[in-house]
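> Fold the following and give me the result.
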Amino acid sequence: MRYHDMTIEAASATLERTPDKRRVGGFSVRVLASPAGEMRPEDAATVSYDDKALQLSLQQLETRALDRAGLVALGRTLAGLLLPPKAAGALAGAGDLLAASLLAIGPDDGLRLRLRLPPQLAVLPWNRDHTGMRAQFDRWEDPVFEPVRTIALPMRQPLAAGFDVSYLVAHDFVDPLGRSVDPARIAAFHFTSSYGTNYETTDLAPRWLRGIHVVRGQQGLAASSVAYAVESVLIDGANVVNESQQRFATGPGERWRIQLQLYSARFVARDALFGTPAGTALSLTFPDGQVETRTLGADATETFEGLARGQYSVKLDAPGMAGITPAAISHDQEVRLLVLSYLDMS
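This is a model prediction of the structure:
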């Protein structure tokens, strides 16, 4: 069978956090070449997707938890992103050129889609590899550094070739009690490899990571395992892990379970002299400066769950003198807020 190429480019990838803390991804799609023609740069179509929902589907795919309906839905989502409708005012769209290309080629020919993707989109399963493992040529055993070479046969001695092995690695974020943490809360994720490679990302989808690196030793080529350490995970402006404390390897089906330092704090507002409940509301300022205000009940207590380890400040709305109270959250704790009421000062 003779194949014809249809080259599709995805560019200008973005990933943004909305005010309601949703993660929305987007990119532009353009057909660079096809049997039916190409799209002009100004005809590129912009698509967007719910990153949290897509990541959930990808995690279910990796763990074989996605049923047939889920697989069909994921496939339709990816097809809709790759072959969006024609943009307003455009001469053609990717879907139009696909249909036209299928009509243009002969009945015994095939159409092959070639994708040009930025790194942020390369982890999506456009061409699904169920092994979760990839091998890439690294070096020859002898001092030849060109990956392509001519070898004269027969050879006087064996020639070894070394391949690095990468695995598709997923990760789960949990609190100290092992409960799942919503990935939408994570603003940035930074980890390093034992070979000094830095990975700083906001994309929490499964990613290909090198697990075996080929090195040249005294006895020839040898396999060296690559380890990884988590350096930081940012939530609400605070790093919720200890640097390099959590270490992981890679392998088939590997999932990193990363524990985050998230705690609960119970704020108790009391009269400084009489110890009675005091205050009608409190405002909690987070490490990144955002402020959350809550109304207090009759007992003048309020509990915040899942607070990132870090420095906070609390302002109490109460008659009398109630200053700003600093609070260093490093474990589940109770924070007392004292009010010097007008009665206390009379």
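> how far is the helix or strand where R257 lies from where the chain is centred?
Element membership of R257, judged by DSSP states H and E, is strand 255-259. Averaging C-alpha positions (Cα atoms, centre = their mean, to the nearest Å) puts strand 255-259 13 Å from its chain's average.
> That strand pairs with which strands?
With DSSP bridges as the test, strand 255-259 is paired with strand 161-174 (parallel).
> sorry, back to before: list the buried ones in the strand holding R257?
Of the residues in strand 255-259, W256, I258, Q259 count as buried by neighbour count, 16 or more other Cβ atoms under 10 Å. Where you see a C-beta, it was placed from the backbone N, CA and C, and this is true even at glycine.
> how much space between the last one and S180?
With distances defined as Cβ to Cβ, to the nearest Å, the gap from Q259 to S180 amounts to 12 Å.
> shared neighbours of these two, anything?
Residues touching both Q259 and S180 (Cβ atoms under 8 Å, 6 or more residues apart in numbering): V174.
> From the buried residues of strand 255-259, pick the one nearest V144.
The nearest member of the buried residues of strand 255-259 to V144, counting by Cβ to Cβ, is W256 at 37.0 Å.
> I'd say that closest one and V174 touch.
No: the pair W256 and V174 fails to qualify as a contact (Cβ atoms under 8 Å) at a distance of 10.6 Å.
> wait, L61 sits on L74?
Yes: in this structure, L61 is within contact of L74 by Cβ under 8 Å, at 6.8 Å.
> Quick one: residues contacting the spatially closest residue to I258 that is not a sequence neighbour.
In space, and not counting its chain neighbours, I258 is closest to F173: 5.2 Å by Cβ to Cβ, 6 or more residues apart in numbering. Contact partners of F173, counting by Cβ under 8 Å, 6+ apart, are S180, V181, P183, I186, V233, I258, L260.
> Number of residues surrounding A318?
A318 is flanked by 23 other residues according to other Cβ atoms under 10 Å.
> is it true that it touches T325?
No: in this structure A318 lies outside contact range of T325 using Cβ under 8 Å: 11.8 Å.
> Tell me where this protein has helices.
Counting by DSSP state H, the chain has helices at residues 51-62, 68-82, 94-104, 119-122, 342-345.
> Show me what counts as buried in the longest one.
Neighbour-count burial for helix 68-82, counted by 16+ other Cβ under 10 Å, picks out L74, T77, L78, L81, L82.
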